[in-house]
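Asks: how does the following fold in three dimensions:
(chains A and B)
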Amino acid sequence: MIGPRSIVTEDGWRDAIARLASGRATLLGLWGDKPDVTMALLDEGTGKVDVFGYTCINGQYPSVGAQHPPAIRLERTIRDLQGLDAIGCSDRRPWLTHDDEPYAFLPTEGDALHQIAVGPVHAGIIEPGHFRFTANGEFVVRLEQRLGYVHKGIEGLMTGATLDTAARLAARVSGDSTVAYSYAFALAAETASQIAPPPRAVYLRALMAEFERLANHLGDIGAVCNDAAFALMHAQTGILRERVLRASQDCFGHRLMMDIIVPGGVARDIAPDGVKQIGDLLAEIRRIFPHLVSVYDNTASLQDRTVGTGIVKPEFARQFGAGGFVGRASGRAFDARRALAYAPYDRLTFDVPVLSAGDVNARIWIRIREVEQSLALIDQIVGALPDGATKIELPPHGACEGLALAEAFRGDALVWLRLDDQGRVARCHLRDASWFQWPLLETAIDGNIVADFPLCNKSFNCSYAGHDA
Amino acid sequence: MMNAMIRDFIMQGGQMLLVLTISPLLLGFVRKVKARLLRRQGPPLLQPYRDLTRLMRKDVVLADNASWLFRAIPYVVFAATWVAASLVPTFRSGLLFSWTADLIAIIAILGCARFFLALAGMDTGTSFGGIGSSREVMIASLAEPAMLMIVFAIALIAGSTQLSFMAAFMNSPAVGLRVSLGLGLIALIIVALAENGRIPVDNPATHLELTMVHEAMVLEYSGRHLALIELAAALKLVLYLSLIACLFAPWGIAPGTTEPKLLLIGVVTYIAKLAVLGTLLAIFETAIAKMRVFRVPEFLGAALMLALLATLLRFVSRSF
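Replies: Reported below is the predicted structural model:
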């Protein structure tokens, strides 16, 4: 989608920082590509994406985070992984690496405050992350996150890998978004080598992306309710989610549809009876889902937990460029499918639901509306599915680079890819939507009680694996 | 005389064994009904027994800084709860210990167990234990006054706080239909939900350490210690359901007799009552979400007010 970056001087770099700090642009990503640092900026008004590279001098570059806080964790990661140093930012603690334990958590001041350490090992089977609460009794004064426990070094493994291997690695960044990551990676590779996949593949990709969104949203709606001990919703949406996964298995041979989207198209066509299966699935969801929505809407005890809990302020959502239901529940209407209009979404009609309340309830409603939109999209995709080939070979193209965004269920997944003249990956950066959602969780819990944190956390459902990559 | 003594002893022993052996079954039953309501298969009815024997076999893992209190408390809690559960008439009233089966005494024994469990939660100094204990005590500080108020309301009607006597009175035509009894029943149900850590106050099935109350308090326990605490929790549920059954549905309880037929009727009706109450509990828990921690005082405050109202109504008119 977005071609090669432009290399800027220090003035140009500082100019970009000023655009971010003044709110004229949103930070999409910031990553190291030794000896350069690169940032991607989005102009929210026009939907234009700029990619700037800055060549570090003695491994140093002017800090973005000093003036634009969303970049702080990204800069700490660049220092951890590439050793490039942001000059001017006061937070110099590591982020993804855990070499210098104990980690210096922000200090607690005041007699009435105490700290509660939670994780990285939790009482339930969930991903690892550490949360340090500073609380006054039940009231949370501050939450500080510590992540990086599932850092797999995917970007390091990709360096020097063939495109096929790299695509398989990209699919394993975060299992629940495997389609979205494969999608973004394939788009980036195709942008870099300037080819377009066959039309049938374009539609099948969107079909899988909507399947993934449907399965995850259904699972999430139930899981949020389950954290309020309302297991009924969890059980019912669990059945629907399972139906989607089984339909995925039947149509594409894999429940999560892993490794099916590849650079150049899709690895396999939909099963011959797939279209009929999808029709049955949509009919079942359309029959049951409205009942579940009304159960959610009419259970007062559940509403009492979700309404007004964990509010993300719209200005934070805007500043951090939060994607997905976190951003859209707090008034930020960004959806990569709409803003960047990649094929086939430029030819499909759908709404991007937006709410402004920013609470747990709003994040559930965004999911509910998106389930409805995904159902409509799947109808359109199946109806317009073109015939023809599903894959073309990528021709050798020499050194090139490209950036792409694909809308995963929890927000935009960004992939930036630079290929060497052998067609191997010289550097690839994958940025999960969670990078800009995790910090907002710290703000959302302010003024809430400790016991409401799991509910807020589940309504965000940020990825640990995708963030730690 | 000697024979009567032995007979009473057997009856009391039977009651103690009955509540002990039936409590895991009740837990398994409630879980099964809940699972069926969610269209799940659910664990087998006997699963709680298997869990307990598994825990009994396992080694105890103790924190380095755990004191002797931490090791002693599971036995204290289990013994106190078992004794309290043995005092409530289940299938037969007028048991050997029935002269001590005073409702206020039962509340005191349970309060004692809770006090020690809250101490144990804080003993190892983990943040979850502290959170659990503080929440438990907050809930108890509201549930206990409400419970005492309920006792007063019912005792004013029955003329005694002695359970065998109260059950006999409730089973007699003298009781009639009374508003204050209805209020007392609702209040007692609310207190029973809170005391047993059921939804909407606490979620016994949760894995979210930050929302736990009872589970957070006992998070550091393992092996036989945990088995005793879990069994005590199961006994407490039996106790409260038995109490509701004994006060508000005393039909079938064999009066101080040893006639096998009456005793059999007593046991069968008792089990049927537990099954009905357990089913109602499962249905209620499925239909409602857990409330915010700071909503609990309002919930229990309602119980206190209802019980207070029930007591006051008795002073307005003896017919309420």
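Asks: surely residue A:400 touches residue A:422?
Replies: No: using C-beta atoms under 8 Å, residue A:400 is not in contact with residue A:422, being 11.8 Å away. Where you see a C-beta, it was placed from the backbone N, CA and C, and this is true even at glycine.
Asks: what about these two, which has more around it?
Replies: residue A:400 (19 against 12; other C-beta atoms under 10 Å in any protein chain shown).
Asks: now do the contacts for the more buried one.
Replies: Residue A:400 is in contact with A:4, A:192-194, A:418-419, counting by C-beta atoms under 8 Å, 6 or more residues apart in numbering or on different chains.
Asks: cool, residue B:120 as well?
Replies: Contacts of residue B:120 (C-beta under 8 Å, 6+ apart): B:69-70, B:73-74, B:77, B:129, B:217-218, B:221.
Asks: for residue B:165, give me the pLDDT.
Replies: Looking at residue B:165, its pLDDT stands at 87.
Asks: can you tell me the element it falls in?
Replies: Per DSSP states H and E: residue B:165 is located in helix B:163-170.
Asks: so what's residue A:420 closest to, chain neighbours aside?
Replies: Using C-beta to C-beta, 6 or more residues apart in numbering or on different chains and skipping the chain neighbours, the partner closest in space to residue A:420 is residue A:426 (4.3 Å).
Asks: the one you found - that's part of a helix, no?
Replies: No: the assignment for residue A:426, made by DSSP: H, G, I helix; E, B strand; the rest coil, is strand rather than a helix.
Asks: any idea how many residues pack against it?
Replies: For residue A:426, the neighbour count with other C-beta under 10 Å is 17.
Asks: for it, give its distance to residue B:318.
Replies: 92 Å (C-beta to C-beta, to the nearest Å).
Asks: make TSV out of the contacts of residue A:400 and add neighbour count.
Replies: Shown next, in TSV, are the contacts of residue A:400 (neighbours: other C-beta atoms under 10 Å in any protein chain shown):
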residue	neighbour count
A:4	15
A:192	25
A:193	20
A:194	12
A:418	21
A:419	25
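Asks: ok, and what's touching stretch B:229-236?
Replies: Applying C-beta under 8 Å, 6+ apart, the contact partners of stretch B:229-236 are B:19-20, B:23-24, B:26-27, B:48, B:51-52, B:55, B:74, B:77-78, B:80-82, B:84-85, B:110, B:113, B:117, B:195-197, B:204, B:214, B:218, B:221.
Asks: show me these that map onto helices.
Replies: B:19-20, B:23-24, B:26-27, B:48, B:51-52, B:55, B:74, B:77-78, B:80-82, B:84-85, B:110, B:113, B:117, B:195, B:214 (DSSP state H).
Asks: show the subsequent helix or strand relative to the helix or strand where residue A:11 lies.
Replies: Counting by DSSP H and E, the element that carries residue A:11 is helix A:10-21. The helix or strand immediately downstream of helix A:10-21 is strand A:26-33, counting by DSSP H and E.
Asks: neighbouring contacts of the following helix or strand past that next one?
Replies: Note on strand A:26-33: by DSSP H and E, the next helix or strand toward the C-terminus is strand A:36-43. Under the contact criterion C-beta under 8 Å, 6+ apart, strand A:36-43 has outside partners A:2, A:5, A:7, A:16, A:19-20, A:24-32, A:48-56, A:61, A:64, A:71, A:78, A:84, A:321, A:334, A:339, A:403, A:414, A:416, A:429.
Asks: and the following helix or strand past strand A:36-43, which strands flank it?
Replies: Where DSSP H and E defines the elements, the next helix or strand beyond strand A:36-43 is strand A:48-55. Strand A:48-55 has the following strand partners under DSSP bridges: strand A:6-8 (parallel), strand A:36-43 (antiparallel).
Asks: most tightly surrounded among these?
Replies: Using mean count of other C-beta atoms under 10 Å in any protein chain shown, the stretch among those with the largest mean neighbour count is strand A:36-43, at a mean of 22.
Asks: distance from that one to the middle of the chain?
Replies: Offset of strand A:36-43 from its chain centre (C-alpha atoms, centre = their mean, to the nearest Å): 17 Å.
Asks: got the angle between that strand and strand A:26-33?
Replies: For strand A:36-43 against strand A:26-33, the angle by axes from the mean of the first three to the mean of the last three C-alpha atoms, to 10 degrees is 170 degrees.
Asks: picking that back up, residue contacts, the residue nearest to residue A:420?
Replies: Shown in contact with residue A:426 (C-beta under 8 Å, 6+ apart): A:159-160, A:399, A:418-420.
Asks: care to break chain A down by domain?
Replies: Domain assignment for chain A, taken from automatic domain parsing, gives A:6-87, A:174-429.
Asks: which of these sits most buried?
Replies: Of the domains of chain A, domain A:174-429 is the most buried (mean count of other C-beta under 10 Å), at a mean of 21.
Asks: and that domain, how far out from the chain's middle?
Replies: 10 Å.
Asks: how about stretch A:74-88?
Replies: Centre-to-centre, stretch A:74-88 and its host chain are 22 Å apart (C-alpha atoms, centre = their mean).
Asks: hang on, the earlier thing: okay if I get the domains of chain A as CSV plus mean pLDDT?
Replies: Listed next are those as CSV, based on pLDDT from 0 to 100:
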stretch, mean pLDDT
domain A:6-87, 95
domain A:174-429, 96
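Asks: can you redo these as JSON lines with distance to residue B:285?
Replies: Shown next, in JSON lines, are those (distance: least, C-beta to C-beta, whole Å):
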{"stretch": "domain A:6-87", "distance to residue B:285": "41"}
{"stretch": "domain A:174-429", "distance to residue B:285": "8"}
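Asks: output the contacting helices and strands for the helix or strand where residue A:185 lies.
Replies: For residue A:185, the host element (DSSP H and E) is helix A:178-192. With contacts taken as 3 or more C-beta pairs under 8 Å, 6 or more residues apart in numbering or on different chains; DSSP states H and E, helix A:178-192 sits against helix A:163-170, helix A:199-227, strand A:261-262, strand A:400-408, strand A:411-419, strand A:425-431.
Asks: using a markdown table, please lay out those together with distance to residue A:185.
Replies: Listed next are these as a markdown table, based on distance: least, C-beta to C-beta, whole Å:
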| stretch | distance to residue A:185 |
| --- | --- |
| helix A:163-170 | 4 |
| helix A:199-227 | 12 |
| strand A:261-262 | 8 |
| strand A:400-408 | 8 |
| strand A:411-419 | 5 |
| strand A:425-431 | 8 |
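Asks: can you say which of these is nearest to residue A:240?
Replies: Closest of those to residue A:240 is helix A:199-227, at 4.9 Å (criterion: C-beta to C-beta).
Asks: give me the contact status of that closest one with chain B.
Replies: Yes: judged by C-beta under 8 Å from any C-beta of the partner chain, helix A:199-227 and chain B are in contact via A:225, A:227.
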